[in-house]
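Undergrad: sequence first, then the predicted structure, then my questions.
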Amino acid sequence: MRLSNFFLSTLREAPADADIVSQKLMLRAGMIKKLAAGIYNYMPMGLKSIRKIEAIIREEMNTAGAVELLMPVVQPAELWMETGRWQKYGAELMRIKDRHDRDFIVQPTSEEAITDIARAEIKSYKQLPVNFYHIQTKFRDERRPRFGLMRGREFTMKDAYSFDRDEASALKSYDIMYAAYQRIFSRLGLTFRAVAADTGSIGGSRSHEFQVIADTGEDAIAYCPDSDYAANIELAEALPLIASRGAASQTMTKTPTPGKSRCEDVAELLGIPLDRTVKSIVLAAEKVDDRGQPAGNEIWLLLLRGDHDLNEVKASKVPGLKGFRFASEGEIVEHFGCKPGYLGPIGLKKSVKIVADHTVANMADFVSGANEVDFHYTGLNWGRDLPEPNLVADIRNVIAGDPSPDGKGKLAIQRGIEVGHVFYLGTTYSAPMKATFLDETGKPQPLEMGCYGIGVTRLLGAAIEQNHDDKGIIWPDAIAPFTVVICPLGYDRNETVKSAADNLHAELMAAGIDVVLDDRGERPGVMFADWELIGVPHRVTIGDRGLKEGMVEYQHRRDEKATPVAVAEISTLLKGKLKTKQ
RNA sequence: CGGGGUGUAGCGCAGUCCGGUAGCGCGCCUGGUUUGGGACCAGGAUGUCGUAGGUUCGAAUCCUAUCACCCCGACCA
C-alpha cells in the first residue's frame, strides 16, 4: 500500500478529553475519532487492525467447529420480555420504539435471539451439539462511558452460543471454547491469563475470564506462580491466615486514640502491627421473614483485619446479605451509638448481626473501636470479652503473599483487562423460552447452553495498554495496521532512493506482506515520529547514503537502534521474521 | 443517577474576576530556501466564543435556562 492511496491523520497533541493511554494513542494515531460519549468512528488505520483481530477470531472459531451467522442489532422487545430481561436489565439496555410505537431494543448481547433460532431449528438430539457465533455491533448505555474503547457504549463483540443435550456435553463444548480462546489470544500476540470468574447474576456453575495483563486493567487477578491457580480477585478464596485461635494474654482495656480513626493510625499510635487491629464495616440488607416476605432492614457488622479489604462479591454471598448496601450514618448511630471511625463489636446500642472474616475469628488480643469517639479497646478476645460472631465467612480480598487455595504456594496479584469470557449457562434461557429438542425416546428436553464472548474493539485498547512506550503504540505483528513500513529519505527528489523503495515495496506486496510505503517525501523526523506513534512493528529506512554502500536499515519498533542490512537481503530478512511469527 | 469541572479555529490553550467587538502555539494554504529525528523565511486562510433568552449604548466576559463533554463513586466484552 502506498500511503498516498491510504489515509493518515496524526495529531501531535491528544484531545483533552482522552483519559487513558490507549485512547490517547489511538486518537493521536488517527485510528479512532470520537463521535459522542462512548461512541467512536473507526478510521481506516484503526479498522485495519480490527479486521485482523476479527479474521483470527473467525479462523479459530471455525476450526473449533463453531458456525457463523449474523443476528440483528435491533431486536423486538417481546423476546426480551420472555426471559424477563426487558424488566431486569436496567438502564443499560437501550430501548427504542418504531413508527408504530412498538418496542425494540438495541442488542447488548444475543441470548434471546439465538435461543429463538434454536427453538425453531433444533428439533432433534441428532442436530447436537452445535455452536453458533457472530461478530456484531453491541450497545450498552453505560452510566459512565470511559477509557475509550475499553468501556464504550457502542462496541464490537464476538459472541458464541453452544447448544448441547446435557450438562456433560455442554461442559465439553465449554472446554472446546476455552481451548479456542487460548489459541486466539496467543495468535493475537498478547500476554494473557485465563482466570476463574464469578458467575454473577446469570447463575450457572462454570465461568472463566480471559484477562490481558496490563497495569492499567480494571480487574485484579490472583494467581499462583508455582501452580496453575488463577482467579479473579472477586472469586479468589482467602484461607484463614491463623490456623487456630491463640490464647488470651492481655486484658481488655479501653484506650484513648484521639483523632485516630483509621486502623493504620491506631496501629502506629499504639506501636503495634497493623495485623493486630480489626476494622468494622456496617452494611444494611433487606430482611426476609419465614414466608419470604420483606421484613424491613437488618444491620450487619462485618469484621476484617486492619490490613484487609472487604470483597463485596463475597459479602453478597453471605446468607442474608444478598443485595446489601452500606449503612447510612443514621443507621450506624442508631445501632452503635457512635459515628463511623470508632466502631466495634462491643457496647452496641441495638443488636446487629456480626460476621467475622476467617482470619479475624482466630485472632486473639486484638484491637477494635470502642463505639465511642476517640477510644479503642485493646486486648480483645472472643468468648471472653465478647460473644462468638454470628457467622464466620470469607469476606475479604486476598492480598499478595496469601496462601494459594490449591495449597501449592503463595498468591501474587496482577491487573488485567477482561477481553473474553466463557460461561456455562445451563437452561437459564432455554427453559423460559421453551427451547427443547427430542431425545432418543421422543421426549422433549431443554437445551443446555453456554455463551462465549470476546470484546473485539476492547482488544484493540487492551493490546495498546499492554504494548506501548512514550513514543506510541507497539503492535504485535498479528494485529498491526501495517506489518512493515518503508521510510524512504527523499522519495520525492532522489531517483535512486525512490526506485529502491518502489522495488522493495513491490517485492513485499508480492510476498503477501502488509507493507506501507511512506511516499510523502516528508523529512525523516516527521516520518519516524508518525510511524512510531502508529506502532508499525517493522521499519525499513532507505537513504541515499546507505544505498551508495548497497545498504538499507532495518529497525523493529522495540529496537533501540537501526541495523544495516544489504539491499539484496532485506526482503528475505523480513519474510523470515514474519514467517516465524505465524 | 449523585457530587465536582469544562465548553473560544482541525488539535492544545490564553482572554472571562474588572463588559469596548477575539488572540497564541501546533496544524493547514502559497512562494522560496532546506532535507538522516517533528526545518527556516515571507505571505495567507479559518471562529454562529456550545445553544437560547435576558441585562446593557455595547456581552466570549454579567444573569437565567438548556445542551454537550470530562473527572470521582455503584458494572462488564
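TA: Good, I have the coordinates.

Undergrad: for whatever residue of the stretch 301-450 of chain A ends up closest to RNA strand B, which three-state class applies?
TA: Nearest residue of the stretch 301-450 of chain A to RNA strand B: residue A:421, at 3.9 Å (Cβ to the nearest atom of the strand). Backbone N, C-alpha and C define where each C-beta goes, glycine included. Assigned by DSSP: H, G, I helix; E, B strand; the rest coil, the conformation of residue A:421 is strand.

Undergrad: swap in the one 4 residues further on?
TA: Three-state call for residue A:425 (three-state DSSP): strand.

Undergrad: give me the nearest residue to it, chain neighbours excluded.
TA: Closest residue to residue A:425 apart from its sequence neighbours, by Cβ to Cβ, 6 or more residues apart in numbering: residue A:449 at 4.3 Å.

Undergrad: so where does that neighbour fall, helix or strand?
TA: Assessed by DSSP states H and E, residue A:449 sits inside strand A:448-455.

Undergrad: look up how far RNA strand B lies from residue A:180.
TA: 15 Å (Cβ to the nearest atom of the strand, to the nearest Å).

Undergrad: domain-wise, how is chain A divided?
TA: Listed domain ranges for chain A are A:3-236+A:414-464, A:253-393, A:482-581 (source: automatic domain parsing).

Undergrad: okay, and the beta partners of the residue of the stretch 301-450 of chain A closest to RNA strand B?
TA: Beta-bridge partners of residue A:421, counted by DSSP bridges, are residue A:209, residue A:453.

Undergrad: quick one, what contacts it?
TA: Applying Cβ atoms under 8 Å, 6 or more residues apart in numbering, we find residue A:421 in contact with A:197, A:207-210, A:452-453.

Undergrad: could you dump those into TSV with neighbour count, distance to residue A:325 and pLDDT added?
TA: Converted to TSV, the contacts of residue A:421 look like this (neighbours: other Cβ atoms under 10 Å; distance: Cβ to Cβ, whole Å; pLDDT from 0 to 100):
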residue	neighbour count	distance to residue A:325	pLDDT
A:197	22	24	89
A:207	22	25	92
A:208	23	30	94
A:209	28	26	95
A:210	25	32	96
A:452	27	33	96
A:453	22	29	96
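
Undergrad: return only those of these found close to RNA strand B.
TA: Restricting the contacts of residue A:421 to those adjacent to RNA strand B (criterion: Cβ under 7 Å from any atom of the strand) gives A:209, A:453.

Undergrad: and the gap between the residue nearest to residue A:384 when sequence neighbours are not counted and residue A:267?
TA: Residue nearest to residue A:384 in three dimensions, not counting chain neighbours: residue A:248, with 5.8 Å by Cβ to Cβ, 6+ apart. Using Cβ to Cβ, to the nearest Å, residue A:248 is found at 20 Å from residue A:267.

Undergrad: do the same with residue A:384
TA: From residue A:384 to residue A:267 the distance is 22 Å (Cβ to Cβ).

Undergrad: more neighbours: these two, which one.
TA: Of the pair residue A:384 and residue A:267, residue A:267 is the one with more neighbours under other Cβ atoms under 10 Å, namely 19 against 12.

Undergrad: quick check, the more buried one in a strand?
TA: No: secondary structure of residue A:267 (three-state DSSP): helix, not part of a strand.

Undergrad: and it, what does it touch?
TA: Residue A:267 sits next to A:273-274, A:276-277, A:306, A:367 when contact means Cβ under 8 Å, 6+ apart.

Undergrad: buried only: go through those residues for me.
TA: Buried members of those, scored by 16 or more other Cβ atoms under 10 Å, are A:274, A:276-277, A:306, A:367.

Undergrad: could I get the residues you listed as a markdown table with secondary structure and distance to RNA strand B?
TA: Output for those, formatted as a markdown table (DSSP: H, G, I helix; E, B strand; the rest coil; distance: Cβ to the nearest atom of the strand, whole Å):
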| residue | secondary structure | distance to RNA strand B |
| --- | --- | --- |
| A:274 | helix | 22 |
| A:276 | helix | 27 |
| A:277 | strand | 23 |
| A:306 | coil | 20 |
| A:367 | strand | 27 |
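
Undergrad: contacts for the host helix or strand of residue A:304, please.
TA: Using DSSP H and E, residue A:304 falls within strand A:294-305. For strand A:294-305, contacts defined as Cβ under 8 Å, 6+ apart pick out A:241, A:275, A:277-289, A:310, A:315, A:320-321, A:324, A:327, A:331, A:335, A:343, A:345, A:350, A:352-357, A:359-360, A:363, A:368, A:389, A:395-396.

Undergrad: following it, which helix or strand shows up next?
TA: Counting by DSSP H and E, what follows strand A:294-305 is helix A:312-315.

Undergrad: how far off centre is that next one?
TA: Put simply, helix A:312-315 sits 18 Å off its chain's centre (Cα atoms, centre = their mean, to the nearest Å).

Undergrad: just the buried positions in it, please.
TA: For helix A:312-315, by 16+ other Cβ under 10 Å, it's A:314-315.

Undergrad: same question, stretch A:271-285
TA: Buried-residue list, stretch A:271-285, by 16+ other Cβ under 10 Å: A:272, A:274-285.

Undergrad: CSV for the residues you listed, including pLDDT and secondary structure?
TA: Listed next are the buried residues of stretch A:271-285 as CSV, based on pLDDT from 0 to 100; DSSP: H, G, I helix; E, B strand; the rest coil:
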residue, pLDDT, secondary structure
A:272, 91, coil
A:274, 91, helix
A:275, 91, helix
A:276, 92, helix
A:277, 93, strand
A:278, 94, strand
A:279, 91, strand
A:280, 91, strand
A:281, 90, strand
A:282, 90, strand
A:283, 89, strand
A:284, 86, strand
A:285, 85, strand
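
Undergrad: export the residues you listed as TSV, with columns for distance to residue A:114.
TA: Shown next, in TSV, are the buried residues of stretch A:271-285 (distance: Cβ to Cβ, whole Å):
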residue	distance to residue A:114
A:272	58
A:274	51
A:275	50
A:276	55
A:277	52
A:278	49
A:279	46
A:280	47
A:281	41
A:282	44
A:283	38
A:284	39
A:285	36
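
Undergrad: closest one of those to residue A:484?
TA: residue A:274 (54.1 Å; Cβ to Cβ).

Undergrad: show me what contacts the closest one?
TA: By Cβ under 8 Å, 6+ apart, the contact list for residue A:274 reads A:263-264, A:267, A:306-307.

Undergrad: residue nearest the centroid of chain A?
TA: Nearest to the geometric centre of chain A sits residue A:418, at 1.8 Å (Cα atoms, centre = their mean).
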